[in-house]
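Engineer: quick one: sequence and predicted model below, then my questions.
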Amino acid sequence: MIHFRSEKKSNMTLVKGPVGDTSWRKASSKKRFWLNKFVEFCKRTDLHGFKYIVMEDFNNVERSCWALAVLVSIALATYFVVTAYKWYARNPIVTVIESTQGAIWDVPFPAVTICDLNVVSKKAARELSNNLTLPGNVTADFVFKTFRLIPMLHTTYKPDNEEKDQLLQLQDILDSNNISIKSLFTRLSPASSCSQLIERCMWKNTIYRCDDLFRQIFTVLNVCCTFNYFAIDGNKQIDLTSQFRTPRRVASCGYQTALTVLLYTNPDDYYSSNVASQGVLVIVDNAYNFPDLDSPVRMVNPSTEVLIALSPERTYATSGVKAFTPEERQCYYSNEVRIGNFRRYSFHNCMAHQKVKILEQVCGCVPLFFPSEGDFRTCNFKDIDCIQKAVKKHEFISRNWNDSKLNLFKCLPECEHYDYPLEVALGKLADSVFVNGLPFL
């Protein structure tokens with residue numbers, strides 16, 4: 001009996017022993033399996049460094065150094081991947097160059113705005129000063145001399161006290177004669193009609209009357225003449241009788257198939273200018289952009305022939321970009337938002353509109369070169385001090401946007417737009433060429 005019980009205990013011990021040994025063997029087998037797989041991976045992979053971890057010719061120290069180097073490399077790679085992902089999350093839009101070639105007829109022809117550097121015609125100033133009804137203590141010569149100061153209305157140059165008093169007195173005379181600021185600048189401009197500034201016009205190798213192609217607009221520079229201009233909606237400056245409702249296009253390259261003009265400027269008639277030079281300024285920009293000081297511009301001096309070549313660039317967005325919010329993509333589509341009377345949104349138009357909104361809130365008026373909105377009047381010479389304050393406020397807002405208390409729309413770039421980089425070639429116009437006898441030069 002004693003022997004039997006002893007044997008039973010021995011059997012119970014034998015039963016328990018193999019179960020624990022099997023679990024250990026399974027765990028050990030898994031470790032060996034994954035270790036073998038790792039060794040096999042290190043031997044066969046093309047990733048640099050892994051094969052040296054298991055190379056039998058190296059001792060343990062050398063293999064450990066290679067293992068450490070591989071781990072550091074993996075850690076650095078992970079860091080850069082995470083950093084790149086965070087950058088993408090902040091900037092999900094990427095701009096790439098798709099092609100440097102394209103069909104020219106797919107690109108709208110830009111707007112061409114021509115401005116005489118002479119703001120005040122001496123002849124027109126003398127004629128107007130002689131035809132005004134003046135107070136007894138004011139002479140026509142005083143008015144004639146004061147007309148020279150009118151470009152100060154919308155310049156960064158601040159008039160002194162004497163000039164300011166003269167302009168205030170001129171404003172009283174204009175009010176008594178029922179002459180508005182826009183009428184004053186138009187009557188004194190050497191380009192009171194586009195035919196006075198532009199003598200001959202050729203579009204696509206066909207001669208046109210210049211008044212059929214160009215129309216007057218007010219700009220910060222002067223009263224100008226513009227071609228192919230579609231920025232403002234519902235403005236009398238746009239020729240509503242024109243057969244074109246969208247910007248014109250050309251079918252081939254070369255100046256013969258584009259726009260050619262013969263300009264006239266009279267140096268003897270110069271009386272007041274914002275630029276210490278003679279000639280005209282040519283602004284070439286998107287047909288839906290408002291001509292401003294930051295538009296692409298070139299100067300054309302008298303007795304010169306200038307060839308302006310364009311290399312248009314188109315930026316467009318893929319369909320997936322529109323799924324992002326404007327804050328994420330940091331741009332607006334042209335039909336996504338509307339500002340003022342502009343037909344299409346652009347960053348250029350938004351910045352110009354922002355300046356005017358500041359002027360409206362600070363001075364209660366709009367500049368003469370900007371289409372009026374609502375019941376705001378046109379700024380005159382009595383608003384010069386206020387205009388200077390508005391300019392300073394705009395500069396402050398540009399530097400401290402988050403601190404601004406004015407409720408202004410935040411301008412973002414356009415998602416899709418056309419750019420027109422310019423290249424200029426010029427030469428002296430030959431004196432022996434008989435212009436009047438030719439249909440065109």
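Structural biologist: It's in. Small disclaimer: the values here were computed from a predicted structure and weren't measured. Numbering: from 1, shown residues only.

Engineer: in which helix or strand does S29 reside?
Structural biologist: helix 2-44 (DSSP states H and E).

Engineer: helix or strand right after that helix?
Structural biologist: helix 50-53.

Engineer: how far is the helix or strand following that following helix from where the chain is centred?
Structural biologist: The C-terminal neighbour of helix 50-53 among helices and strands, as given by DSSP H and E, is helix 60-90. Mean-position distance between helix 60-90 and its chain equals 41 Å (CA atoms, centre = their mean, to the nearest Å).

Engineer: re the thing from before, for the helix holding S29, what is the average pLDDT?
Structural biologist: Across helix 2-44, the average pLDDT comes to 62.

Engineer: cool, stretch 195-211 as well?
Structural biologist: Averaging pLDDT along stretch 195-211 yields 91.

Engineer: send me that stretch as CSV with only the CA atoms.
Structural biologist: Listed next in CSV are the C-alpha coordinates belonging to stretch 195-211 (Å, rounded to 0.1, in the frame of the first residue of the first chain):
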residue,chain,number,x,y,z
SER,A,195,-8.4,110.3,-79.0
GLN,A,196,-6.2,113.1,-77.7
LEU,A,197,-3.8,110.7,-76.0
ILE,A,198,-4.0,107.8,-78.5
GLU,A,199,-3.9,108.8,-82.1
ARG,A,200,-4.0,105.5,-83.9
CYS,A,201,-5.0,102.0,-82.9
MET,A,202,-4.5,98.6,-84.5
TRP,A,203,-5.9,95.3,-83.1
LYS,A,204,-5.2,92.0,-84.8
ASN,A,205,-3.7,93.8,-87.8
THR,A,206,-6.9,95.8,-88.3
ILE,A,207,-7.1,99.6,-87.9
TYR,A,208,-9.9,100.8,-85.5
ARG,A,209,-11.0,104.1,-84.2
CYS,A,210,-9.3,104.5,-80.8
ASP,A,211,-12.6,105.5,-79.2
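
Engineer: how about the secondary structure of the closest residue in space to L197 that isn't next to it in sequence?
Structural biologist: For L197, ignoring the flanking residues on the chain, the nearest one in space by CB to CB, 6 or more residues apart in numbering is A191 at 4.0 Å. In this view, the C-beta of every residue, glycine as well, is placed from N, C-alpha and C. What DSSP: H, G, I helix; E, B strand; the rest coil gives for A191 is coil.

Engineer: test my guess that A191 contacts T219.
Structural biologist: No - counting by CB atoms under 8 Å, A191 stays clear of T219, with 11.0 Å between them.

Engineer: what sits against A140?
Structural biologist: The contact partners of A140, taken as CB atoms under 8 Å, 6 or more residues apart in numbering, are S129, N130, L132, L134.

Engineer: make a ChimeraX selection of the buried ones in those.
Structural biologist: Listed next is the ChimeraX selection for buried residues among the contacts of A140, using 16 or more other CB atoms under 10 Å:
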select :129
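
Engineer: anything in contact with each of A191 and T219?
Structural biologist: C115.

Engineer: tell me how many other residues crowd the residue nearest to L197.
Structural biologist: 25 (other CB atoms under 10 Å).

Engineer: for it, give me its contacts.
Structural biologist: Residues in contact with A191 (CB under 8 Å, 6+ apart) are C115, D116, L197, Q216, N222, V223, C224, C225.

Engineer: phi, psi for the residue lying closest to R148 once chain neighbours are set aside please.
Structural biologist: Distances taken as CB to CB, 6+ apart place S272 nearest to R148, at 4.5 Å, with adjacent residues excluded. Main-chain torsions, S272, degrees, to the nearest 10: phi -150, psi 130.

Engineer: show me what S272 is bridged to.
Structural biologist: V120 (DSSP bridges).

Engineer: alpha carbons of stretch 341-360, as CSV, please.
Structural biologist: Taking C-alpha atoms only, stretch 341-360 is exported to CSV below (Å, rounded to 0.1, in the frame of the first residue of the first chain):
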residue,chain,number,x,y,z
ASN,A,341,-18.4,96.3,-57.4
PHE,A,342,-15.7,94.0,-58.7
ARG,A,343,-16.8,91.3,-61.2
ARG,A,344,-14.3,88.8,-59.8
TYR,A,345,-12.3,88.4,-56.7
SER,A,346,-8.6,88.8,-56.7
PHE,A,347,-6.0,89.6,-54.1
HIS,A,348,-5.1,92.8,-56.0
ASN,A,349,-8.7,94.0,-56.0
CYS,A,350,-9.2,93.0,-52.4
MET,A,351,-6.2,95.1,-51.3
ALA,A,352,-7.4,98.1,-53.3
HIS,A,353,-10.9,97.7,-51.8
GLN,A,354,-9.5,97.5,-48.3
LYS,A,355,-7.8,100.9,-48.7
VAL,A,356,-11.1,102.4,-49.8
LYS,A,357,-13.0,100.9,-46.9
ILE,A,358,-10.6,102.4,-44.5
LEU,A,359,-11.1,105.8,-46.2
GLU,A,360,-14.8,105.3,-46.0
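
Engineer: so where's this protein shaky on pLDDT?
Structural biologist: Across the chain, the ranges flagged by pLDDT under 70 are 1-26, 234-243, 394-407, 432-441.

Engineer: thought K43 was touching V54?
Structural biologist: Yes - with contact defined as CB under 8 Å, K43 reaches V54; the gap is 6.2 Å.

Engineer: can you count the residues close to the nearest residue to G340 once chain neighbours are set aside?
Structural biologist: Excluding the flanking residues, the one nearest G340 by CB to CB, 6+ apart is H353, at 4.9 Å. H353 has 21 neighbours, counted by other CB under 10 Å.

Engineer: surely H353 is in contact with V337?
Structural biologist: No - judged on CB under 8 Å, H353 makes no contact with V337 at a distance of 11.1 Å.

Engineer: quickly list what's touching both of those two.
Structural biologist: Common neighbours of H353 and V337, using CB under 8 Å, 6+ apart, are F409.

Engineer: partners of the host helix or strand of A309, with directions?
Structural biologist: Taking DSSP H and E as the definition, A309 sits inside strand 304-310. Sheet partners assigned to strand 304-310 using DSSP bridges are listed as strand 422-428 (antiparallel).

Engineer: of the contacts of A140, which is the nearest to V284?
Structural biologist: For the contacts of A140, the minimum distance to V284 (CB to CB) is 35.9 Å, reached by S129.

Engineer: on that earlier part again, thinking the residue nearest to R148 is in contact with P151, fair?
Structural biologist: Yes - contact criterion CB under 8 Å: S272 and P151 qualify, at 5.6 Å.
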